[in-house]
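[1] Need a 3D model of the sequence below.
(chains A, B, C and D)
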4 protein chains.
Amino acid sequence: MCRWLAYSGSPIPLEDVLYKPDHSLIDQSMHSRMGVETTNADGFGVGWYSGQATPARYRSVGPAWSDRNLHEMASHVTSPLFVAHIRASTGTAVQQTNCHPFRHGRWLWVHNGLIREFRRVKRDLMLAVEPALFADIEGETDSELMLYLALTFGLDDDPPSAVQRMVGFVEDVGRRHGIEHPIQMTVGTTDGEAIWAFRYSSEHDSRTLFYSSAVKGLRRLYPDNPVIQGVSDDTRLVVSEPLGDLPGVWNQVPESSYGVVQKGDDRLEAFRPQTP
Amino acid sequence: MCRWLAYSGSPIPLEDVLYKPDHSLIDQSMHSRMGVETTNADGFGVGWYSGQATPARYRSVGPAWSDRNLHEMASHVTSPLFVAHIRASTGTAVQQTNCHPFRHGRWLWVHNGLIREFRRVKRDLMLAVEPALFADIEGETDSELMLYLALTFGLDDDPPSAVQRMVGFVEDVGRRHGIEHPIQMTVGTTDGEAIWAFRYSSEHDSRTLFYSSAVKGLRRLYPDNPVIQGVSDDTRLVVSEPLGDLPGVWNQVPESSYGVVQKGDDRLEAFRPQTP
Amino acid sequence: MCRWLAYSGSPIPLEDVLYKPDHSLIDQSMHSRMGVETTNADGFGVGWYSGQATPARYRSVGPAWSDRNLHEMASHVTSPLFVAHIRASTGTAVQQTNCHPFRHGRWLWVHNGLIREFRRVKRDLMLAVEPALFADIEGETDSELMLYLALTFGLDDDPPSAVQRMVGFVEDVGRRHGIEHPIQMTVGTTDGEAIWAFRYSSEHDSRTLFYSSAVKGLRRLYPDNPVIQGVSDDTRLVVSEPLGDLPGVWNQVPESSYGVVQKGDDRLEAFRPQTP
Amino acid sequence: MCRWLAYSGSPIPLEDVLYKPDHSLIDQSMHSRMGVETTNADGFGVGWYSGQATPARYRSVGPAWSDRNLHEMASHVTSPLFVAHIRASTGTAVQQTNCHPFRHGRWLWVHNGLIREFRRVKRDLMLAVEPALFADIEGETDSELMLYLALTFGLDDDPPSAVQRMVGFVEDVGRRHGIEHPIQMTVGTTDGEAIWAFRYSSEHDSRTLFYSSAVKGLRRLYPDNPVIQGVSDDTRLVVSEPLGDLPGVWNQVPESSYGVVQKGDDRLEAFRPQTP
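    Predicted coordinates for the structure are as follows:
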């Protein structure tokens, strides 16, 4: 449906990840290999942290491959933490307010997948959003609503728990509507300090998600690769599908699990939906 | 905030009303005389009936004055009943799903004005929308929500009553939130047979709205005007502000009233909000 | 690079050709089978005749598959003669003035292919355009320039000769710049009366082009097909790649030839570039 | 027709100049006071230097006032030298390739004004462009062509001379076509080191252009203004019309003259078109 990535590490021009690799995210906008759709051309977005409280965003509705402003921006803006997303709409309008990353305060949120039969459950889900947040919802996607439910369930305090409660709630509402497998998702979210990456689906057959190996090991594997030699030890990428074809670089996030990219050791944990 | 018009009568190219008059609606997109804003350039839309069950729409997000597709379409499409709207956003996104006319089934809906402090009352208003209609709301405007409330309150059966109940409900919710004057509006709506045009505001100081005089009288006034001589007896225009400057053509819709343009005699009635 | 079609015959809603067939042109915008690119999402355009001197156009820069206005228009506008084009840019900007069909007076023009090393020959080609036409060129594509060269070489008087002279000139200029195979093209052009469809490339390995069989024969082949039974005898389609999979419907335009769809008998002739 | 500004000095967020002042450039996009048109909503652009050889650009076709990406970018991007432009089209298409700043190599170029009867002289002017540069012209505006003529006449080596030769040539061509006053312009151009700002028109009645006073003097005038106290001594702004209303800040560039903002002393000189 969509493709996304999240980067944390040495400050680099966004272009180095978005455009330069073989099979880059921009290339995936026209030729995805692992996506449900090969074309992800219903808008895109990039969000990055530049030292201010609120991250910056650039979102637009055309295909990423032909957007000149994106290429300009990606080659001139440097950031230590950013996310990017290319969209394949499942029916909702191609408009900026439906483009990822969604943002609330310091949070950014990207999603690949769907809440099944969203039209049937949308009202029930929206009623569960914290009333003070309700009017902040701008678009009409399941993905944005998932962020607002996660915020309602405590994203600020405990992201894994909030997302597990959000998913548990979506599954509960869906099943009450007779929907067998209510949710399918990979989600990336960040507060500018850490990145949380989730892989889960009600049917336990989730969309692909990969994380890059520790840089220290990659340096030994690729002593002549200037990019790998150049980035800091704590540099990490999470991607819907691998960029490039280097063996040993990419590891699949296991089914029903989530990872945390952070200062100190990264972690990989089981993901267990919690019915609120 | 916005400008709109509704036309019913002899089938004509849309261009004859949208572009050709002095001070046409397209001209008003840059130079409105009577609007709260002189510039109405945050998108526009046209809806027309072409003999099918559902009316057609063309909506776009740029200024109307520079939209070449609109001019092409307006000079090649002929219709006996159409509405057009130019938008000045009160803060919501400039995107197609926020552009008028809104549509549901055979209904088209245009609005100039606002629900005051909409963010505070939005959730309460949305909860009142008929659940089966809830997921049809695509945009984030007060105007679209007013249509869905009117549908909930019986637009299909009795348009004046449904709109009066919608307004009564919006005023009731607003006042419960401490909002002194909850609504300001001119609204045009049509099912392809008749046009209903409403002028009302809680403070009884509503935006301007005009209707054209009966063609029979105008023919005597302007025996040499080919347009006036050419159109059928039942041709009628409703506009936010007059097109052209011909004396005797335009009549103000009185404060707190509504008109019906229909086969047979047109009517003008008092508008009285009904608390549901 | 691109896909296009041209329709002439019984007046029909554009939608019947653009959207309804299996593997319709809109479907080809995401999943072309025979194109050099599978994705044709760098803008699109439709041009149609509605009884006025100048044909109407609707062109836009996003992918055709998600353009709601196109779908609205195609389901409400009926025409006896129209062309449509979906674009895959070869590098020039994604903007309306680079979208086909190009238009001059009553002429419409669509192209699939390219003038090779266009940047090197562009200046020489532009200098050959009739000075009175020079300032009418709005975009930056080879395709539009081909139209203006064809106009310069007499499109109004003898379309096949003008296009053969245009190609001869482009080949001559290209070869003087050391370009082995200067042009690759299928071109469709119409004045609202007839359609001319050209298939040619300097290397004699041209992009695909098909025309539909005579309706009379198809009626015997498909006695139960309501579309085929419903259209007039003189209905004809020319397409970059077949719509649908019905055996017997589609015939390849031979290499280095052109066809004329017109009142009276259609013709198929050899295409021979003429050096002016 | 248009409004523009150029900033050089202490690195600041673009927002500080584009959005924050009273009567900022973004505000002028809807409510220009001194422009020929009060509305400048046919696209906009920003170009800035970020330490790379080629400056970055962000250009888009909607009104600047509603462009969320512009606001995001302007509040997160910091630069010591940037230009911005809001466009009021004189008839050419509203598309990105017609939006300023135009760019060639390290040069940026913004223009307010017009070449009169441009359609009549366009071909002659284009033929004078250095052939190696010809295919770099992307749009259809007089403004972009003026840049390419200036490049042809030596912009890289001696900007004032190149612009004076460009204007002399445009006037010469125009007069040969019987055009009384061939050019009207304010132009800003920069190579990332200095800014050249030109004010000239054939009729010697040029559009307005202002430059800010030396910071040292302003510090004494406004001892409590934190912006003025905060910026470096060499900070300078050139603007089509003043931002804000502080007495003593803005000085008109005299008729038929140009200024240079550079390291060391700024200069103000007479502008004399040179017939090449």
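[2] thinking residue A:202 is in contact with residue A:173, fair?
    No - counting by CB atoms under 8 Å, residue A:202 does not reach residue A:173; the two are 11.9 Å apart. Bear in mind the C-beta positions are built from the backbone N, C-alpha and C, glycine included.
[3] quick one, what contacts the residue nearest to residue A:240 when sequence neighbours are not counted?
    Nearest non-adjacent residue to residue A:240, counting by CB to CB, 6 or more residues apart in numbering or on different chains: residue A:3, 4.3 Å away. Counting by CB atoms under 8 Å, 6 or more residues apart in numbering or on different chains, residue A:3 touches A:25, A:28-29, A:32, A:35, A:40, A:85-86, A:112, A:239-241.
[4] Sitting in strands, which of those do you find?
    A:85-86, A:112, A:239 (DSSP state E).
[5] Make JSON lines out of the residues you listed and add pLDDT, distance to residue C:102 and neighbour count.
    Listed next are the ones in strands among the contacts of residue A:3 as JSON lines, based on pLDDT from 0 to 100; distance: CB to CB, whole Å; neighbours: other CB atoms under 10 Å in any protein chain shown:
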{"residue": "A:85", "pLDDT": "96", "distance to residue C:102": "35", "neighbour count": "30"}
{"residue": "A:86", "pLDDT": "95", "distance to residue C:102": "31", "neighbour count": "31"}
{"residue": "A:112", "pLDDT": "96", "distance to residue C:102": "39", "neighbour count": "29"}
{"residue": "A:239", "pLDDT": "95", "distance to residue C:102": "41", "neighbour count": "26"}
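[6] ok, which of these also contact chain C?
    Subset of the ones in strands among the contacts of residue A:3 in contact with chain C: empty, counting by CB under 8 Å from any CB of the partner chain.
[7] Nearest to chain D among the residues you listed?
    residue A:85 (14.9 Å; CB to the nearest CB).
[8] What segments of the stretch 151-276 of chain A are helices?
    A:159-176, A:215-221, A:226-230 (DSSP state H, counting those that start in this stretch).
[9] So which residues make contact with the second one?
    Surrounding helix A:215-221, the residues in contact under the criterion CB under 8 Å, 6+ apart are A:9, A:212, A:225, A:228-229, A:231-236, A:248-249.
[10] So for residue D:276, which of the helices of the stretch 151-276 of chain A sits nearest?
    Evaluated over the helices of the stretch 151-276 of chain A, closeness to residue D:276 peaks at helix A:226-230, with 48.2 Å, by CB to CB.
[11] and the closest one, C-alpha only, in PDB?
    Extracted in PDB, the C-alpha atoms of helix A:226-230 (Å, rounded to 0.1, in the frame of the first residue of the first chain):
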ATOM      1  CA  PRO A 226      32.700   5.000   2.300                       C
ATOM      2  CA  VAL A 227      29.100   5.500   3.500                       C
ATOM      3  CA  ILE A 228      29.300   2.600   6.000                       C
ATOM      4  CA  GLN A 229      32.700   3.700   7.100                       C
ATOM      5  CA  GLY A 230      31.600   7.300   7.500                       C
END
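[12] tell me what it is packed against?
    Judged by 3 or more CB pairs under 8 Å, 6 or more residues apart in numbering or on different chains; DSSP states H and E, helix A:226-230 is in contact with helix A:215-221.
[13] Tally up the residues packed near the nearest residue to residue A:161 once chain neighbours are set aside, please.
    Excluding the flanking residues, the one nearest residue A:161 by CB to CB, 6+ apart is residue A:154, at 6.3 Å. By other CB atoms under 10 Å in any protein chain shown, 14 other residues sit near residue A:154.
[14] any idea how far residue B:196 is from residue A:154?
    Separation of residue A:154 from residue B:196 (CB to CB, to the nearest Å): 47 Å.
[15] Ok, residue A:272 next?
    55 Å.
[16] Residue A:43 too?
    Applying CB to CB to residue A:43 and residue B:196 gives a distance of 37 Å.
[17] Between those two, tell me which one has more neighbours.
    In this view residue A:43 and residue B:196 are compared by other CB under 10 Å, and residue A:43 has more residues nearby, 29 against 23.
[18] Quick one: name the residues of chain A near chain B.
    Counting by CB under 8 Å from any CB, chain A sits next to chain B at A:92-93, A:95-97, A:118-120, A:122-123, A:126-127, A:131, A:134-135, A:137-140.
[19] Buried subset of those residues, written for PyMOL?
    Buried subset of those, written as a PyMOL selection, criterion 16 or more other CB atoms under 10 Å in any protein chain shown:
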select buried, chain A and resi 92+93+95+96+97+118+120+122+123+126+134+135+137+138+139+140
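[20] so what's the residue lying closest to residue A:246 once chain neighbours are set aside up against?
    Residue nearest to residue A:246 in three dimensions, not counting chain neighbours: residue A:222, with 6.8 Å by CB to CB, 6+ apart. For residue A:222, the contact set (CB under 8 Å, 6+ apart) comprises A:228-229, A:246.
[21] And residue A:274, by the same measure?
    A:161, A:164-165, A:167-168.
[22] Can I get the buried part of those as one ChimeraX selection?
    In ChimeraX, this line selects whichever of the contacts of residue A:274 come out buried by 16+ other CB under 10 Å:
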select /A:164,165,167,168
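[23] thinking again about what came up before, next, the residue nearest to residue A:240: secondary structure please.
    strand (DSSP: H, G, I helix; E, B strand; the rest coil).
[24] Also residue A:73?
    Per three-state DSSP, residue A:73 ends up helix.
[25] these two touch, right, it and residue D:57?
    No - under the criterion of CB under 8 Å, residue A:73 is not in contact with residue D:57, lying 9.3 Å apart.
[26] okay, those two: which has more neighbours?
    residue A:73 (25 against 22).
[27] Contacts only, for the more buried one.
    By CB under 8 Å, 6+ apart, the residues touching residue A:73 are A:14, A:46, A:58, D:56, D:58, D:73.
[28] Apply 10 Å and report the result again.
    A:13-15, A:18, A:46, A:48, A:56, A:58, A:67, D:56-58, D:69, D:72-73, D:77 (CB atoms under 10 Å, 6 or more residues apart in numbering or on different chains).
[29] Pull up the residues of the stretch 51-200 of chain A that are close to chain D.
    Applying CB under 10 Å from any CB of the partner chain, we find that the stretch 51-200 of chain A lies next to chain D at A:51-52, A:54-60, A:68-79, A:96-97, A:103.
[30] how many neighbours does the nearest residue in space to residue A:227 that is not next to it in sequence have?
    With CB to CB, 6+ apart as the criterion, residue A:227 has its nearest non-adjacent residue at 7.3 Å, and that residue is residue A:16. Residue A:16: 18 surrounding residues under other CB under 10 Å.
[31] can you list the residues that contact the helix or strand containing residue A:16?
    Element membership of residue A:16 [criterion: DSSP states H and E] is helix A:15-18. With contacts defined as CB under 10 Å, 6+ apart, helix A:15-18 is touched by A:5-7, A:9-10, A:24-27, A:44, A:46, A:64, A:70-78, A:82, A:84, A:86, A:227, A:230-231, A:237, A:239, A:243.
[32] got any ranges where chain A has weak pLDDT?
    Chain A contains residues with pLDDT under 70 at A:1.
[33] which residues of it fall in strands?
    According to DSSP E, the strands that chain A contains are A:2-13, A:44-48, A:56-60, A:78-87, A:102-104, A:107-115, A:183-190, A:195-201, A:210-212, A:236-239, A:250-252, A:257-261, A:267-270.
[34] Pipe those strands into TSV and attach distance to residue B:190 per row.
    Shown next, in TSV, are those (distance: least, CB to CB, whole Å):
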stretch	distance to residue B:190
strand A:2-13	39
strand A:44-48	38
strand A:56-60	35
strand A:78-87	35
strand A:102-104	36
strand A:107-115	35
strand A:183-190	41
strand A:195-201	45
strand A:210-212	54
strand A:236-239	50
strand A:250-252	56
strand A:257-261	52
strand A:267-270	57
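[35] So which of the contacts of residue A:3 is the closest to chain C?
    Nearest to chain C among the contacts of residue A:3: residue A:29, at 9.4 Å, using CB to the nearest CB.
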